[in-house]
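# Structure, please.
(chains A and B)
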Amino acid sequence: MIEGFLTTTLNKGFFARPLDAKRVFDLYEVRCTLEVGMIRLASERATQDELDALEKTVFRHKDEKEDAAATRLPHLDETFDEELARLTRNGEFLRSLRAINGQIHFVRWIDMRNGRRTHTQSEHLRIVRALRSRDSSQAEDLIRQHISRRLDRSSTSSAPASPRSTCATTPTSSMGNEMGETTGAEAFVQMLRLHGVQHVFGLCGDTSLPLYDAFHRLDHGIRHVLCRDERSAAYMADAYARVTGKVGVCGGPSGGGANYMPTRR
Amino acid sequence: MTGDARLALRALRLACEAGAVARDASEAHRLVADAKARKFAAFAELADSRDLPVRPERFVAELQRTLPPDAVVVADPGTPCPYLSAYLRDDRTGRHVITNRAHGALGYSLAASVGAQFGRPGSKVVAVMGDGSFGFTVGELETVTRRRLPITFVVISNAVYGWIKAGQRSGFDGRYFSVDFSRTDHARVAETYGVKAWTVQNPDDLRPALAAAMEHDGPTLADIVCQPLHEARAPVSEWVA
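Okay, the predicted model is just below:
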């Protein structure tokens, strides 16, 4: 579980911690300070070979397809940061960076879906070139811009216009519970949507009531096929996967329903 | 040949390294052609059979004639899986015939055909099941009519868990125990769900009934009173040997 991102409430399930503007700002401020320090040390300590390798990595990431899996792109972004941390020769930077990135991850992931990607990669390239010419003050400036651009976007998109405003960008206004939190069910439905799921086979039980409520309220475009037995849901998803080559998705409540599904073949 | 690519390729490589491959493939081609010819000769003896109850071979022959070119066939364990695996000819590439032979759970095809139809909305989907499987998943016919899915269901009706009964015959000297059940009128059950249905007892009615069921613009079911598996000449090596 990512530090500080999910919380549990007894009998209610998992909740995503609200990503209000202030919190996002704080996280990015810490990250910015951390990375500026990192880049200074990296420009002093990294060998030319290491910087050549980093440049190659950035070039390789440029070729990554725009429609790569939603989780892949932030991963690439974080890989770059972590490479910088390694070049400082100080393991504590990497540890701190991972703690911060774990919390920023979700914002970043939404960011990538909103066309940030081309900028991100070209900025990375400029940073590496500044490092290679050992111009640490230029590299520091670039990374400061790189992160604050991010901050501008994040704070605009998650401006606390109403107490219900939650994630940095949400495709619908009906996200969040009365506490202004994104529920696990809502995050799950959005994950399905971002992974390109078009059909879900299943039926609702007590323990999946919040999930079905999220299906009802959110604008996700997924077609739910109500079936009459969880075993059937598993069989439907199985054949769906076989004829489409995509992942088949079936769902049922924990307890009886979940036990019916695994014996699908 | 169907298999996990990595496992299958490894098995092939090991077989090749062990010298199982002849340098001249013509002998292998001849062996395969002979085996195929023998298999389909046995099939042909019953493919036009007018015996009652309907022989599974006759059913496969008529299904082959009536399947549209784009059909997806989902086959349950029991009579459908061994008969269609052995005798249904399909020279298309890609996935068009689905059977759940891995664990062989009954009740697969009726539900699985729903998933296949959502996955290939433009294709004709045909589910072939035994009456045992029908009983497992019949409730899903409501889903089919609610979503107006034009699937054709074929029930091989023989009032027996035939695969198991055949196992009791071949491996336990015919000491049959708890494998027979009574006959259900599957066509009438289907009609109560709003599925258009045909009952076939006479082999000569197979072709027109299957053709009409596949052409109908909505869910259909053909209930075929068929020879029990343990009495049939099923293409299952364990029983044949």
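# ok, which stretches of chain B are strands?
B:72-75, B:97-99, B:125-130, B:152-157, B:196-200, B:220-225 (DSSP state E).
# in stretch B:32-51, what counts as buried?
Neighbour-count burial for stretch B:32-51, counted by 16 or more other C-beta atoms under 10 Å in any protein chain shown, picks out B:42, B:43, B:46, B:47, B:49. C-betas here are computed from N, CA, C, even on glycine.
# circling back to that earlier point, just put the strands of chain B in JSON lines and tack on mean neighbour count.
JSON lines is the format used below for those (neighbours: other C-beta atoms under 10 Å in any protein chain shown):
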{"stretch": "strand B:72-75", "mean neighbour count": "28"}
{"stretch": "strand B:97-99", "mean neighbour count": "20"}
{"stretch": "strand B:125-130", "mean neighbour count": "29"}
{"stretch": "strand B:152-157", "mean neighbour count": "28"}
{"stretch": "strand B:196-200", "mean neighbour count": "20"}
{"stretch": "strand B:220-225", "mean neighbour count": "26"}
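# Regarding the chain, what is its longest helix?
No chain in the question, so chain A it is. helix A:21-45 (DSSP state H).
# looking at chain B here, not the other one
Every helix in chain B considered (DSSP H), the longest is helix B:26-47.
# All the strands of the stretch 151-265 of chain A, in order from the start?
Using DSSP state E, counting those that start in this stretch, the strands of the stretch 151-265 of chain A run over residues A:182-183, A:199-202, A:223-226, A:250-251.
# What parts of chain B come near chain A?
B:72, B:74, B:95, B:98, B:100, B:102-103, B:105, B:107-108, B:110-116, B:118-120, B:123, B:136-137, B:139-140, B:142-143, B:146-147 (C-beta under 8 Å from any C-beta of the partner chain).
# For the longest helix of chain B, give the mean pLDDT please.
Average pLDDT, helix B:26-47: 93.
# Name the residues that touch that helix?
B:22, B:55, B:57, B:58, B:60, B:61, B:86, B:87, B:233, B:235 (C-beta atoms under 8 Å, 6 or more residues apart in numbering or on different chains).
# So which of the residues you listed sit within helices?
Going by DSSP H, the helices hold B:57, B:58, B:60, B:61, B:86, B:87 from the contacts of helix B:26-47.
# and the first one, how many residues sit next to it?
Put plainly, it is residue B:57. 24 (other C-beta atoms under 10 Å in any protein chain shown).
# which one is it nearest to, not counting chain neighbours?
Nearest residue to residue B:57 in three dimensions, chain neighbours excluded: residue B:46, at 3.7 Å (C-beta to C-beta, 6 or more residues apart in numbering or on different chains).
# can you tell me which residues contact the spatially most central residue of chain B?
In chain B, the C-alpha nearest the mean C-alpha coordinate belongs to residue B:80, at 2.3 Å (C-alpha atoms, centre = their mean). By C-beta under 8 Å, 6+ apart, residue B:80 lies in contact with B:99, B:109, B:128, B:129, B:130, B:154, B:156.
# Same check on residue B:221?
B:152, B:153, B:154, B:155, B:186, B:187, B:190, B:195, B:196, B:197, B:198, B:213 are the contacts of residue B:221 under C-beta under 8 Å, 6+ apart.
# count of residues packed around residue B:19?
7.
# Under the pLDDT cut-off, which ranges of the stretch 1-150 of chain A? List them.
By pLDDT under 70, the low-scoring segments of the stretch 1-150 of chain A are A:1-7, A:9-13, A:15-21, A:63-74, A:105-119, A:148-150.
# in it, which spans are helices?
Using DSSP state H, counting those that start in this stretch, the helices of the stretch 1-150 of chain A run over A:21-45, A:48-62, A:72-87, A:91-113, A:117-132, A:136-157.
# Show me the contact partners of the second one.
Contacts of helix A:48-62 from elsewhere in the structure, counted by C-beta under 8 Å, 6+ apart, are A:46, A:76, A:79-80, A:83-84, A:87, A:121, A:124-125, A:128-129, A:131-132.
# Check those for burial and list the buried ones.
A:46, A:76, A:80, A:83, A:84, A:87, A:121, A:124, A:128, A:129, A:131, A:132.
# Quick check: the gap between residue A:96 and residue B:190.
65 Å (C-beta to C-beta, to the nearest Å).
# and those two? which has more neighbours close in?
With neighbours defined as other C-beta under 10 Å, residue A:96 and residue B:190 compare such that residue B:190 has more, 25 against 17.
# Surely the more buried one touches residue B:154?
No: contact criterion C-beta atoms under 8 Å: residue B:190 and residue B:154 do not qualify, at 11.2 Å.
# Contact partners for the closest residue to chain B within the stretch 51-200 of chain A?
The minimum distance from the stretch 51-200 of chain A to chain B, using C-beta to the nearest C-beta, falls at residue A:199 (5.3 Å). Residue A:199 makes contact with A:222, A:223, A:224, A:225, A:240, A:248, A:249, B:118, B:119, according to C-beta under 8 Å, 6+ apart.
# Any idea what it is bridged to?
On the basis of DSSP bridges, residue A:199 is bridged to residue A:223.
# Just the pLDDT at it, thanks.
97.
# now residue A:202
95.
# Just give the number of residues close to residue A:133.
Counted with other C-beta under 10 Å, residue A:133 comes out at 11.
# got the phi/psi numbers for the residue lying closest to residue A:208 once chain neighbours are set aside?
Nearest non-adjacent residue to residue A:208, counting by C-beta to C-beta, 6+ apart: residue A:253, 4.6 Å away. With angles defined as degrees, to the nearest 10, residue A:253 sits at phi -70, psi 160.
# what does the stretch 51-200 of chain A have sitting close to chain B?
residue A:199.
# In chain B, where is pLDDT below threshold?
In chain B, residues with pLDDT under 70: B:20-23, B:240-241.
# Can you get me a residue count around the closest residue in space to residue A:184 that isn't next to it in sequence?
In space, residue A:184 comes closest to residue A:14 once its chain neighbours are excluded; the distance is 3.5 Å by C-beta to C-beta, 6+ apart. Number of residues near residue A:14 (other C-beta under 10 Å) recorded here: 17.
# Any idea what residue A:14 is bridged to?
If you apply DSSP bridges, the partners that residue A:14 bridges to are residue A:8.
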